[in-house]
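**Q** Just the structure for this:
(one chain, ligands or ions: 1)
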Amino acid sequence: MKLTKIIFFLLMSLSFIDLPGQDYKSLREQMVKKQIKARGISDAKVLEAMQKVERHQFVPRNYLSKAYDDGPLPIGEGQTISQPYIVAYMTEILKLSGDEKVLEIGTGSGYQAAILGEVAKQVYTIEVIDKLGNKAKKLLKELGYKNIEVKVGDGYQGWKEHAPYDAIIVTCSPTHIPEALKEQLAEGGIMVIPVGQRFAQQLILLTKKSGKLVKKQTLAVRFVPMIDEEGKNY
Ligand code: SAH
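**A** Residues are numbered from 1 along each chain as shown. Okay, the predicted model is just below:
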């Protein structure tokens, strides 16, 4: 009994041990090759960002060994960091060339914001849960991102002060497209947003052409719901 307990604790503590930097780099190379490129992502800037940004910095310590796995991971407060492929896919369809101002709703861990920070000029990101927002803000600052601004608040209203945005990316799911986000999208701008019910959502791509929104459905996805400051679903 005692021995099994010791073995159990030894195994538990192993999962907390940091892998050397070199291993993370090759894990990222494998991630980009097998999860991202193999599924058709080809934008060089997006691939470069996925190779560069250290996803393990954004996951909780007890999930370090899974940092480059092919799926979402819990980040606390009942929220998740998205699957790497979904992050790459949503970034690629925004067709960023490097000059854009981007708004993200749902900062979470800050990982998607960091990827955007690599491929766009300026990123504004909003998180409704203050604990997550403040943690992401601190981490992104420590990592040296000067072009990412994090705000704690309700992203349903957008961020009017810096509007209009060339691109808007929503990483939590409302049942409808928020009016404020439609308004804050620039002419010619692109928005990507998962819309639907708790377990059945479609990733919608919207383009603003002559003031009108042109809609296109893409993947079936499953994001956490968009909530207000009281925790009520939109
Ligand atoms: N982009 C994130 C994934 C975040 S999961 C990453 O890369 O890690 C979705 C996040 O949206 C959660 O952190 C959740 O708290 C947040 N969220 C939900 N409703 C929101 C709202 N109305 N405004 C801003 N953030 C919201």
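
**Q** Quick one: the helices in the protein, in order.
**A** 2-14, 21-31, 44-52, 84-92, 111-119, 130-142, 179-184 (DSSP state H).

**Q** Mind listing what's buried along the second one?
**A** It stands for helix 21-31. By 16 or more other Cβ atoms under 10 Å, the buried positions in helix 21-31 come out as 24, 27-28, 31. Every C-beta, even on glycine, is put in place using the N, C-alpha and C of the backbone.

**Q** Could you export the lengthiest strand in the chain as PDB, CA atoms only?
**A** If you go by DSSP state E, the chain has its longest strand at strand 185-197. What follows is strand 185-197, C-alpha atoms only, in PDB (Å, rounded to 0.1, in the frame of the first residue of the first chain):
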ATOM      1  CA  LEU A 185     -15.800  46.100 -38.300                       C
ATOM      2  CA  ALA A 186     -14.100  48.300 -40.900                       C
ATOM      3  CA  GLU A 187     -15.200  48.400 -44.600                       C
ATOM      4  CA  GLY A 188     -13.500  45.500 -46.300                       C
ATOM      5  CA  GLY A 189     -12.900  44.000 -42.800                       C
ATOM      6  CA  ILE A 190     -13.300  40.300 -41.900                       C
ATOM      7  CA  MET A 191     -14.900  38.800 -38.800                       C
ATOM      8  CA  VAL A 192     -14.700  35.200 -37.700                       C
ATOM      9  CA  ILE A 193     -17.200  34.100 -35.000                       C
ATOM     10  CA  PRO A 194     -18.600  30.800 -33.700                       C
ATOM     11  CA  VAL A 195     -22.400  31.100 -33.600                       C
ATOM     12  CA  GLY A 196     -24.900  28.700 -32.200                       C
ATOM     13  CA  GLN A 197     -26.000  26.700 -29.200                       C
END
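
**Q** So that strand, near the ligand or not?
**A** No: Strand 185-197 is not in contact with the ligand by Cβ under 6 Å from any ligand atom; minimum separation 9.8 Å.

**Q** Now do that strand, average pLDDT.
**A** Strand 185-197 comes out with an average pLDDT of 97.

**Q** One more: stretch 51-58?
**A** Stretch 51-58 comes out at a mean pLDDT of 97.

**Q** how long is that stretch end to end?
**A** The stretch stretch 51-58 measures 14 Å between its terminal residues, going by Cα to Cα, to the nearest Å.

**Q** okay, now Y85: neighbour count?
**A** Neighbours of Y85 under the rule other Cβ atoms under 10 Å: 20.

**Q** these two touch, right, it and G71?
**A** No: if you go by Cβ atoms under 8 Å, Y85 and G71 don't touch, sitting 9.2 Å apart.

**Q** contacting residues around Y156?
**A** If you count contacts by Cβ atoms under 8 Å, 6 or more residues apart in numbering, Y156 has them with 105, 174, 178, 180, 226, 228, 234.

**Q** and it, what pLDDT?
**A** 98.

**Q** And for the one 4 residues further on?
**A** At K160, the predicted lDDT confidence score is 98.

**Q** Show me which residues of this structure sit near the ligand.
**A** Contacts of the chain with the ligand, taken as Cβ under 6 Å from any ligand atom, map to 79-82, 105-106, 108-109, 111-112, 126-129, 132, 154-156, 171-172, 224, 226-227.

**Q** Out of those, name the ones that lie in strands.
**A** Going by DSSP E, the strands hold 79-81, 105, 126-127 from the residues of the chain next to the ligand.
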